[in-house]
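Student: Build me a model:
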Amino acid sequence: MVLGSRKPQQTGLGWWKALAWVILGLGVLWTSPAWAVAPTQQPAETVSIHLGTAAGELRFEPDHLTFTAGQRYALVLDNPSPEKHYFTAKDFADALWTQNVKTGGVEVKGAIHELELKPGATATWTMIPQKPGTYELHCSIVGHAEAGMVGQITIQPPA
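Tutor: Numbers count the residues shown, from 1 in each chain. From the prediction side, this is the model:
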């Protein structure tokens, strides 16, 4: 007998493995089609909100925001008022995936629950809402919410 001349033993199960790979591949294609774009690569729909007004009024403009779960958004926040304000919406922040927050040449990643904007500041919060529901928005500076700086954010289910 010559070493290395023996053929590998056939088990007869090779076709089962091939079939399993085909089924697995079809399942992946069925649940995530090749033509689908990853959510982080989708163009972000821009939504703008002002924290306060140039006249010093304590309000969000607009004070009602609606998002669709699974869609990518760029929430552009600005503060035209003469004093700082907070965009505080912890439950909303917990119901989404934050890609990043960009402001002043800085990019912040990870969980965000509150943003402080000083007078004249702008920040862009890129995110993908995940959990449908209605969430409270307010400015957490003492007296601002009581003066009317409140709002409502709705995440609706995907169509």
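
Student: the helices in the chain, which residues?
Tutor: 14-31, 90-94 (DSSP state H).

Student: where does the protein have low pLDDT?
Tutor: Counting by pLDDT under 70, the chain contains low-confidence ranges at 1-40.

Student: and with 80 instead?
Tutor: Residues of the chain that meet the criterion pLDDT under 80 lie in 1-41.

Student: Kindly export stretch 133-144 (C-alpha atoms) in CSV.
Tutor: Only the C-alpha atoms of stretch 133-144 are listed here, as CSV (Å, rounded to 0.1, in the frame of the first residue of the first chain):
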residue,chain,number,x,y,z
GLY,A,133,-45.2,54.9,21.1
THR,A,134,-45.8,58.4,22.3
TYR,A,135,-43.1,60.2,24.3
GLU,A,136,-42.8,63.4,26.4
LEU,A,137,-40.4,66.1,25.4
HIS,A,138,-39.4,69.0,27.7
CYS,A,139,-36.7,71.5,28.7
SER,A,140,-35.4,70.4,32.1
ILE,A,141,-34.3,73.8,33.2
VAL,A,142,-36.3,74.9,36.2
GLY,A,143,-39.4,76.8,35.2
HIS,A,144,-39.1,76.2,31.4
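
Student: mind checking how far residue 139 is from residue 130?
Tutor: For residue 139, the distance to residue 130 (C-beta to C-beta, to the nearest Å) stands at 25 Å. All C-beta spots, glycine's among them, are computed from the backbone N, C-alpha and C.

Student: okay, the two: which has more neighbours?
Tutor: Neighbours per residue (other C-beta atoms under 10 Å) separate residue 139 from residue 130, with residue 139 holding more: 27 against 13.
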